[in-house]
Structure formats: structure tokens, C-alpha cells
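Provided below for reference: sequence and predicted model.
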Protein chains: 2
Amino acid sequence: MDTSVICPRFESAISILSQRWTGLIIYQLLSGPKRFSKLTEVIGISGRLLSERLKNLEAQGLVSRTVYPETPVRIEYELTEKGKSLKPVMDEIQSWSQEWIEAPPETTAETK
Amino acid sequence: MDTSVICPRFESAISILSQRWTGLIIYQLLSGPKRFSKLTEVIGISGRLLSERLKNLEAQGLVSRTVYPETPVRIEYELTEKGKSLKPVMDEIQSWSQEWIEAPPETTAETK
DNA sequence: ATATATTAGTTACTTTATGTAACCTATTGT
DNA sequence: ACAATAGGTTACATAAAGTAACTAATATAT
């Protein structure tokens, strides 16, 4: 049975974006290079999965990894051109969400 | 610990799209209403998961389900306005994939 | 020299999601 | 009554994700 009645490139793109966390990682990196610890903190992903995702994104040419041998060591993850070119996709998701997703109630501090 | 440093609406939108299969289901329905069996066939998803995903999409107001009591019964799934409004997102993913994903080699018949 | 602090991960283990295939229900044509 | 068809559901196996403790490398403090 042939699964790929759908355009294989589109399917491939969707499979990248439909993997949990990758969208958020790319979104965060669109605002500039980030360190490992910053990403875990801001996204709420575990080290285990972040590590795995970053390796995949690197292998797919979307993200580059740079080591700065300072002390303590600083390692930055940055989008490549291919990664940055996803900005229009993220922008569309963003604007769709603003129009169609209703604001969730505040859980922490009430904004009155 | 606060996970949502990211805009909650964006996070919510991403969580819909980053669930496996939902992107492809929406993409298929953008070209018009489809039946259950057609979706399984064209996407390559199992009945179990398609059923689950369609229920979620319905609950989220992205898809509507219509029963036509013909014989045999015909049930059609169709995007709501909210669902259709994802077209620009899908279009951006499509055009990104055309520019940045390389064509995979033909596996079935060689196109020479 | 030893102890401590910091970043960036990895390992071992549990829980949840997905894949697979057989089965069920309702309707109708034979 | 029996088979055929659409649209699912159930039970079970495998893969992915969540959690928390641990490790490696380097530099500063004692």
C-alpha cells in the first residue's frame, strides 16, 4: 500500500514540525541564539529530550551548535538559513492563534 | 515552575499542529470534505488513531462530522471556518518544503 | 592538592502514545 | 437468513516521552 499520495516534501516538512517540541524550539531560536539551559527553562522540556531534538535539528541542517570555551563553557544553538526560513510558517501560526485560540484563564496571578 | 513563558495561544496552536497526523488530516480536508475510509487510505493512518484524532479535532472546533443515512451509510468530515483558516499556515509549510526539502529518491518506479 | 560550583548533557526507569490486527454494529441487497 | 460494506472499537505489542538522579569538564576557592 502506498502511503505517500501526499507530496513527499510536504510530508517531510510536516513530520519535522509535528514532532513534539521542535516547533517551540525553532520558535525560540527565531529570536536569536540560545543556550541549552535557557531553552529548557523557557520551553519546559527535559534535558533528555532537548538534547535529542537539538541533535535531530542539527542533523537536518536547521540548527547549528557553537562551543565557546569560556568558563563555565557556553554552548549556543542558532538557526541556520534553512531554520530561519521557517519564520513565515511560525508567523502564520502565531497570527492564526491570535485570531482563533481564546486566551486561557490566568492560573497564577489574577489580572484584574 | 512556570512553563508558559511563551504566549499561551501560540503554545496551544503549536500543540494542535505538533500532534502526529493532525497536520496531514487538516491538509487533506483543505481540499474538501472526505470520508473516514478515504482519509485512512490517503494518509496511511490506522482507524484507531484517525478516529481519535477526528474526535479531538471536532472537540476543538476544527472539523465537523456529517452523517448521510444512505446505504451504505456515508459520513463526511469537513473543516469548519476555524479549520479552513489554517490554510495560510499549510500554504507556508508547503512552500517552505518546496524550497528547502530535497526530493526523495523514487522508490517504486524509476522516472527517467 | 582538594573541594566546590557551573554548564551541558546522559542513564536508568516509569508512563503515555502509537502501531497492528482482529472484532463489532448497523444497514441493505440477495 | 446470509453476505457485503462503511465506520468504527478493542486488546495487545512496541516506541516515544516524562522524571530524576548522575556524570564530565573546567575554573575558582580553601
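Sure, I can see it.

in stretch A:80-99, which residues are buried?
A:Lys82, A:Gly83, A:Leu86, A:Val89, A:Met90, A:Glu92, A:Ile93, A:Gln94, A:Trp96, A:Ser97 (16 or more other Cβ atoms under 10 Å in any protein chain shown). Bear in mind the C-beta positions are built from the backbone N, C-alpha and C, glycine included.

which of the residues you listed come close to DNA strand D?
Among the buried residues of stretch A:80-99, none lies close to DNA strand D by the criterion of Cβ under 7 Å from any atom of the strand.

could you pick out which of these are near chain B?
The residues of the buried residues of stretch A:80-99 that also fall near chain B, by Cβ under 8 Å from any Cβ of the partner chain, are A:Lys82, A:Leu86, A:Val89, A:Glu92, A:Ile93, A:Gln94, A:Trp96, A:Ser97.

measure the first one to A:Thr66 for me?
Put plainly, it is A:Lys82. Remark: distance between A:Lys82 and A:Thr66 (Cβ to Cβ, to the nearest Å) = 16 Å.

what of the third one?
Distance check for A:Val89 against A:Thr66: by Cβ to Cβ, it reads 24 Å.

quick one on the thing from earlier: DNA strand C: which of the buried residues of stretch A:80-99 is nearest?
A:Gly83 (16.4 Å; Cβ to the nearest atom of the strand).

ok, that closest one touching A:Ile26?
Yes: here A:Gly83 reaches A:Ile26: they are 6.3 Å apart, a contact under Cβ atoms under 8 Å.

common neighbours of the two, please.
Jointly contacting A:Gly83 and A:Ile26 under the rule Cβ atoms under 8 Å, 6 or more residues apart in numbering or on different chains are A:Leu57, A:Leu62.

quick one, helices of chain A?
A:8-17, A:22-29, A:36-43, A:47-59, A:81-84, A:87-100 (DSSP state H).

contact residues of chain A facing DNA strand C?
Checking chain A against DNA strand C by Cβ under 7 Å from any atom of the strand, the hits are A:35-38, A:46-48, A:51, A:54, A:65, A:72-76.
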